[in-house]
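Asks: Quick one, what's the 3D model for this:
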Amino acid sequence: MTGNFDFSKARNPEITAILAAIDACLDSPGVVQGGAAIDVMKTGVVTLGGHNPTSIVFLGSDGEASIKGIVAVGAGFVLANGLTLIADVDGIGDKTATFVATVGSHKSGLNPSIDLHLGEDYKFNIQVDDDVGGPQLVELTLGSCTDGTATAAEMEATIQALGGVYAGVTVSYTGTPVTDYYTISSGTLGSGSKIRVTRAVDHNITEELKIGPDGGAADTDGTGDAVNIALATIDEVIVRLNTDLTDSIAAADGNYVRITSKTTGAASSIAVNAASTADLILGITGAAYGKVGMSMANDMADANYVVMAQVVGGCPCGLGISIDNRATTGFDIMCENEASVADIMVLIAGLEGA
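Replies: Model prediction:
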């Protein structure tokens, strides 16, 4: 199997030559030149993963490529409509997860009153994003309401002064008389974004503004991947990633997001495209590769073991290899031709850990 050590190939001529080279380094049976003892020797064949490095681990079987985000969710991930995470999983090609969210709004009926400064009514109630405090009373200063733009600005300032979720509300005036209208918009985007307007008990002005239940006003609730895309939860992020990045699995890892390839071994890989716009927000960047497992009983006692490697069939130009990052748990194979998927015969000799 690609990426696995195949001990059935241990009698190939290349392995025989490697064993002879090790024998030549022995002062006496079981002792490496220089006096270090040997109590384990493993041979096998591994197929390079088409990238650098191809990582070998002593314990267990083949492992999958996985990237754990480095940004904790906190109160929520501060995403926005249209942000992306682009990833190439297993070399299949880039796929893009795009976060989507729209704003909730309330649009007045056509041809509302725009010059209110001589009027008597000045109140209405508003509730934003299902605020648990319920509808809030808005009391306009009519002297500021001299035309459509000025009236919209007065509504916006008065609503924002309520604070909390109301602080992000915007109000616009569009068009010219007869076809003109006001739009009150939530300051959030997502499925929880919404505006509700109701009549005040006295001095109600919804009739003049044609908002709330009067004059053909209409509500448009927000939609999207999160209740509030600027405070997206881990679960909300995972749903979008798993919907769009179908070659990987996104899951929570504590307070972080992790994406993992569905395959294992040297060919398993994840590469996040730097053109992504949500990568830094989620802390998911760079590349990761699967590991080839040797299924040994123990790790090595130290990192002073010997690794000998040879390209199957000789060493053609452009396939120079090296052994890097030796650790008690495994090592990396680096290839001059990073895209190579050549078979490499290896021999490991040294002290086995407990």
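Asks: can you give me how far stretch 161-177 is from the chain middle?
Replies: 33 Å (C-alpha atoms, centre = their mean, to the nearest Å).
Asks: What's the mean pLDDT across that stretch?
Replies: For stretch 161-177, mean pLDDT is 97.
Asks: how far does it stretch from start to finish?
Replies: 28 Å (C-alpha to C-alpha, to the nearest Å).
Asks: buried sites along that stretch?
Replies: 162, 165-166, 169-173 (16 or more other C-beta atoms under 10 Å). Placement of C-beta: from N, CA and C, glycine included.
Asks: got a list of what residue 249 touches?
Replies: Residues in contact with residue 249 (C-beta atoms under 8 Å, 6 or more residues apart in numbering) are 242, 259-260, 262.
Asks: would you say it is within a helix?
Replies: No. Residue state for residue 249 (DSSP: H, G, I helix; E, B strand; the rest coil) corresponds to strand; a helix is not indicated.
Asks: Please read off the pLDDT at it from the model.
Replies: The model reports residue 249 with a pLDDT of 97.
Asks: now swap in residue 208 and tell me
Replies: At residue 208, pLDDT is 97.
Asks: need the next SSE after the helix or strand harbouring it, C-terminal direction.
Replies: Assigned by DSSP states H and E, residue 208 belongs to helix 206-209. Downstream of helix 206-209, the next assigned helix or strand under DSSP H and E is strand 218-220.
Asks: Mind listing residues that contact that next one?
Replies: 104-107, 194-196.
Asks: What is the nearest of these to residue 211?
Replies: Residue 211 lies nearest to residue 106 out of the contacts of strand 218-220, by C-beta to C-beta, at 6.6 Å.
Asks: among the contacts of residue 249, who's most crowded?
Replies: Of all the contacts of residue 249, residue 259 has the most neighbours under the rule other C-beta atoms under 10 Å, reaching 28 neighbours.
Asks: That one bridge partners, please.
Replies: Under DSSP bridges, the beta-bridge partners of residue 259 are residue 67, residue 250.
Asks: do the same with residue 232
Replies: According to DSSP bridges, beta-bridge pairing links residue 232 with residue 77.
Asks: Now do the contacts for it.
Replies: Residue 232 neighbours (C-beta under 8 Å, 6+ apart): 76-79, 99, 225-226.
Asks: From residue 73, how far out is it?
Replies: Distance, residue 232 to residue 73, by C-beta to C-beta, to the nearest Å: 8 Å.
Asks: try residue 347
Replies: 46 Å.
Asks: Repeat that for residue 236.
Replies: Distance from residue 236 to residue 73, counting by C-beta to C-beta: 10 Å.
Asks: same deal with residue 106?
Replies: The separation that residue 106 has from residue 73, given C-beta to C-beta, amounts to 31 Å.
Asks: Compare the two and say which is more crowded by neighbours.
Replies: Shown here are residue 106 and residue 73; by other C-beta under 10 Å, residue 106 has more neighbours (24 against 20).
Asks: now the strands: where do they sit in the stretch 201-350 of the chain?
Replies: Along the stretch 201-350 of the chain, counting by DSSP state E, counting those that start in this stretch, strands occupy 218-220, 248-253, 256-261, 269-272, 287-289, 291-296, 306-311, 321-327, 330-335, 343-350.
Asks: just the contacts of strand 218-220 now: which is nearest residue 90?
Replies: If you rank the contacts of strand 218-220 by distance to residue 90 using C-beta to C-beta, residue 104 comes first, at 39.6 Å.
Asks: what about that closest one, how many residues close to it?
Replies: Count around residue 104 with other C-beta under 10 Å applied: 25.
Asks: hang on, it packs against residue 196?
Replies: No. Look at residue 104 against residue 196 with C-beta atoms under 8 Å: they stay out of range, at 9.3 Å.
Asks: and the end-to-end length of stretch 134-154?
Replies: 22 Å.
Asks: returning to that earlier point: ok, which of the strands of the stretch 201-350 of the chain comes nearest residue 63?
Replies: Residue 63 sits nearest to strand 291-296 of all the strands of the stretch 201-350 of the chain, at 4.0 Å, using C-beta to C-beta.
Asks: how about that closest one as CSV, C-alpha atoms only?
Replies: Taking C-alpha atoms only, strand 291-296 is exported to CSV below (Å, rounded to 0.1, in the frame of the first residue of the first chain):
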residue,chain,number,x,y,z
LYS,A,291,2.5,10.3,8.2
VAL,A,292,3.7,6.8,7.3
GLY,A,293,3.4,4.5,10.3
MET,A,294,5.9,1.7,11.0
SER,A,295,3.7,-0.1,13.5
MET,A,296,6.6,-0.6,15.9
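Asks: Buried residues of it, list them for me.
Replies: Residues of strand 291-296 classed as buried by neighbour count (16+ other C-beta under 10 Å): 291-294, 296.
Asks: what's it in contact with?
Replies: Under the contact criterion C-beta under 8 Å, 6+ apart, strand 291-296 has outside partners 3-5, 40, 42, 44, 46, 54-63, 265-266, 330, 352.
Asks: just the buried members of the residues you listed?
Replies: By 16+ other C-beta under 10 Å, those give 3-5, 40, 42, 44, 46, 54-58, 62-63, 265-266, 330, 352 as buried.
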